[in-house]
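Student: What follows is a predicted protein model with its sequence.
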Amino acid sequence: MYQPLNRDQLAARVARDIPEGSYVNLGIGLPTRIANFLDPEKEIFLHSENGLLGMGPAPAPGEEDPELINAGKEFVTLLTGGCYFHHGDSFTMMRGGHIDICVLGAFQIAANGDLANWHTGAADAIPAVGGAMDLAVGARKVFVTTDHVTKKGEPKIVERCSYPLTGVGCVARIYTDLAVIDVTPQGLLVQEMVPGISREQLQAMTGAALQFSANCQ
Amino acid sequence: MYQPLNRDQLAARVARDIPEGSYVNLGIGLPTRIANFLDPEKEIFLHSENGLLGMGPAPAPGEEDPELINAGKEFVTLLTGGCYFHHGDSFTMMRGGHIDICVLGAFQIAANGDLANWHTGAADAIPAVGGAMDLAVGARKVFVTTDHVTKKGEPKIVERCSYPLTGVGCVARIYTDLAVIDVTPQGLLVQEMVPGISREQLQAMTGAALQFSANCQ
Amino acid sequence: MIDKTVATAADAVAQIYDGATVMIGGFGSAGQPAELIDALIAQGARELTIVNNNAGNGDTGLAALLKARRVKKMICSFPRQSDSYEFDALYRAGEIELELVPQGNLACRIQAAGSGLGAVFTPTGYGTLLAEGKETREINGKHYVLEYPISADFALIKAQHGDRWGNLVYRKTARNFGPIMAAAAKVTIAQVSEIVPLGALDPEQVVTPGIFVQQLVAV
Amino acid sequence: MIDKTVATAADAVAQIYDGATVMIGGFGSAGQPAELIDALIAQGARELTIVNNNAGNGDTGLAALLKARRVKKMICSFPRQSDSYEFDALYRAGEIELELVPQGNLACRIQAAGSGLGAVFTPTGYGTLLAEGKETREINGKHYVLEYPISADFALIKAQHGDRWGNLVYRKTARNFGPIMAAAAKVTIAQVSEIVPLGALDPEQVVTPGIFVQQLVAV
């Protein structure tokens, strides 16, 4: 038997891989939660696409400022040493390769690193893309964090994305509630698995062939 | 007999055509002198490509600041209400059509508005272009101010430029020491001449066909 | 003397005409020029093309403009939000056109317009639905999509302080699209919390130089 | 704790290698990082490609670097000046390569590099010698030239104040190319008059966010 990581555990696992001094953009949703698990002893620079660098935690109740929000339109604070800038400069940071790491959510990730996270392709869906495509092409490393399978139990890691793409071959590493998987030129390489899961079990929940690094059981 | 305008008179003549509220870039050399003749009662915004808007006159002796210079690398001042910005923003102003009027010097101007002012084409010349090409394409109106003929008496207004171009069809109006000439789709149209000169005399010193507006004698 | 201030938001938006393309600053409600939008609703211009990051929140500001059915087309990156019901209803009813643009392409296309570029090769969106039918090119081993400028007849933006020459400073993340939209519109109208005397803004700290602003109004 | 400050200009430029492309801020001597250039001369790297608006003035700063014959190629807009004799002599002797770029194209190509664009269609230079052999295109009735990004291995710039995260503010027209070069180089080294404590710079007024700066040194 194995226990999938809960959302906080998953966020904490990603947080461990973010070195001090990194410029990091955390996507809306689960990735935002990673901020709560960054080592407070480390100086890590959080970027928000709407024009701030050095983003701090949520404000104390009563101290919310409607003009100090993050990309998810949540109230945030600014750390000492942070700064504001306009959208042109913000996307210069993103598109220009200045963000070391971004962490995005996913509908699907393909074995070649393709990412789909903005549109289910459903005819009646209202599409919304925001800054995800810019991060996908612009961040030095694109991490994805997601449940390993959908609520219906279908694999989110697939041979080829069926949903419309966010970016082509952009994902470097996938963090799921079951495993940490690198996207390599040779294919998907599992680096870690939750205790108690077997390689076969993980492969059965994955829609693309997995390889396993030596330290996976 | 007629008397050509001297450099101050020519600068003053151009200055008369600059309306209040205009954003104006004055090129290096003679155009810079125009600033001395702008009506001090009018608020006119002088732009300098090296990153200032609201450029004021030369500082008092002893008050020069090596970090407050104009495009010609002369000491200047900043008016109350002026501001500084970087080169990207400065050329956004120039290339993006935000400068109402620029005034440039010229080696040659062609009847179709082509301008040559950066390079004689001589084999041993060291070429230097600066911001002239950006102003030529970007300012809403490009004025040129120049002597009507070269020191050797050759026309500077020609059918077709023999020197390398700065911009194609960009000149709106030419101010020489003898005349004010509009570049129109129908050709060169003389709007003013210095007193005492005849249409034939002016044409004889001009390398392209002139037309004359009714108010020229 | 040049004084770009106007007395009321109604005066500021009076010139906006039917069919105009209007950029509206703001990211969600931060930086949204709510008073100018209200004045635009009252003014009555219709068949507008609106450029904004989103497509309205709740039932005020841009959402109210949509609800009043003044908008023919939205150009934006993120229309679908928890409270974007006004847009959602119009879109599902087929009563509004949507041009969805990745946010960074929105920014760089607005900047291209402001800075006089004819088009740019951007990596964003390559290989996706949003680049379908667009020219692409491989440059130094990387793939790019050719994108054209987005310019506007008017920009409505919100700043913190402004002076009579139109110099602006912003507040926190309300800055967002304001500076780049100001440069990309023929006529930029800024609402500010306070109009300060000329010289009160430090020349090192002006974010939007007055050259990019045609009118401003204190609200 | 992240502290990007280094003790001396010599430390700051130690990593610059032979054959590197180095952007140097400044317009004439305003904003020229003179102490970093002196350290680079002492350091000895050669066969450099230098990106600057000019090609040196008098016999200090960039001119001294030229005189020391460390520069293989200049990319600039305005080499010829009354006191550009060091460059002039090398150029006439055929001992330096020159890529002459209109100043606004220099700026937008540097910006394109910093912002990750693959190329831009610019109107500047169309129909001139400086566009010869380059791809052109007519867009909406106007003519444009395709220009590619200028990036660099290093940028040496001068600012007024900086903090340990690399946030910078500039002084007057010494700002010029600093902010855009900082974004376009792999490693940006800033010399500042003073390193101030974190938080001393107003977050609204930071001109170059620290993300664009890798090292800074007080001189």
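Tutor: Looks like it came in fine.
Student: what's in contact with stretch A:181-191?
Tutor: Contacting residues not belonging to stretch A:181-191 are listed as A:109, A:111-113, A:157, A:171-174, A:179-180, A:199, A:202, A:206, A:208-213, A:215-216 [Cβ atoms under 8 Å, 6 or more residues apart in numbering or on different chains]. No exception for glycine: its C-beta is placed from N, CA and C like everyone else's.
Student: In strands only, show me those residues.
Tutor: Secondary-structure check on the contacts of stretch A:181-191 using DSSP state E: residues within strands are A:109, A:157, A:171-174, A:179-180, A:210-212.
Student: Looking at the residues you listed, which is nearest A:Leu53?
Tutor: A:Ala172 (21.9 Å; Cβ to Cβ).
Student: To what extent is the closest one buried, counted in neighbours?
Tutor: In terms of burial, A:Ala172 registers 16 neighbours under the definition other Cβ atoms under 10 Å in any protein chain shown.
Student: ok, so what distance separates it from chain B?
Tutor: 31 Å (Cβ to the nearest Cβ, to the nearest Å).
Student: How far away from the center of its chain is whichever helix in chain C runs longest?
Tutor: Among all segments of chain C classified by DSSP state H, the helix with the greatest residue count is helix C:103-115. Averaging C-alpha coordinates over helix C:103-115 and over its chain gives two centres that are 11 Å apart (Cα atoms, centre = their mean, to the nearest Å).
Student: Same question for stretch A:31-50.
Tutor: 12 Å.
Student: circling back to that earlier point, give me the PyMOL select line for the ones in strands among the contacts of stretch A:181-191, limited to the buried ones.
Tutor: If you want just the buried ones from those in PyMOL, going by 16 or more other Cβ atoms under 10 Å in any protein chain shown, the selection is:
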select buried, chain A and resi 109+157+171+172+173+174+179+180+210+212
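Student: between the ones in strands among the contacts of stretch A:181-191, which is nearest chain B?
Tutor: Distances from chain B to those, taken as Cβ to the nearest Cβ, are shortest for A:Ala172 (30.8 Å).
Student: Quick check: chain neighbours aside, which residue is closest to that closest one?
Tutor: Once flanking residues are discounted, A:Ala172 sits nearest to A:Lys141: 4.6 Å by Cβ to Cβ, 6 or more residues apart in numbering or on different chains.
Student: And for C:Ala34?
Tutor: Leaving aside its sequence neighbours, C:Ala34 sits nearest to C:Gly61 (Cβ to Cβ, 6+ apart; 4.8 Å).
Student: Report the contact partners of the one you found.
Tutor: With the criterion set at Cβ under 8 Å, 6+ apart, C:Gly61 makes contact with C:26, C:29, C:32, C:34, C:37-38.
Student: And the pLDDT at it?
Tutor: pLDDT recorded at C:Gly61 is 95.
Student: Would you mind measuring from it to C:Pro33?
Tutor: Computed as Cβ to Cβ, to the nearest Å, the C:Gly61 to C:Pro33 distance reads 8 Å.
Student: which residues do those two both contact?
Tutor: What both C:Gly61 and C:Pro33 touch, as defined by Cβ under 8 Å, 6+ apart, is the set C:Gly26.
Student: pLDDT score for residue 157?
Tutor: I went with chain A, as the question did not name one. In this prediction, A:Ile157 carries a pLDDT score of 98.
Student: should've been chain C
Tutor: Reading off the per-residue confidence, C:Ile157 sits at a pLDDT of 98.
Student: which SSE is it in?
Tutor: If you go by DSSP states H and E, C:Ile157 is part of strand C:152-162.
Student: And C:Glu194, by the same measure?
Tutor: Element membership of C:Glu194, judged by DSSP H and E, is strand C:185-195.
Student: so does that strand get close to chain A?
Tutor: No - between strand C:185-195 and chain A, judged by Cβ under 8 Å from any Cβ of the partner chain, nothing touches; the nearest distance is 10.7 Å.
Student: Now that strand: average pLDDT?
Tutor: Rounded mean pLDDT across strand C:185-195 is 98.
Student: quick one: is it near chain B?
Tutor: No - where contact is defined by Cβ under 8 Å from any Cβ, no part of strand C:185-195 touches chain B; the two come within 9.3 Å at best.
Student: on contacts alone, who are the packing partners of that strand?
Tutor: Secondary structure elements in contact with strand C:185-195, counted by 3 or more Cβ pairs under 8 Å, 6 or more residues apart in numbering or on different chains; DSSP states H and E, are helix C:9-13, helix C:34-43, strand C:152-162, helix C:178-184, strand C:215-218.
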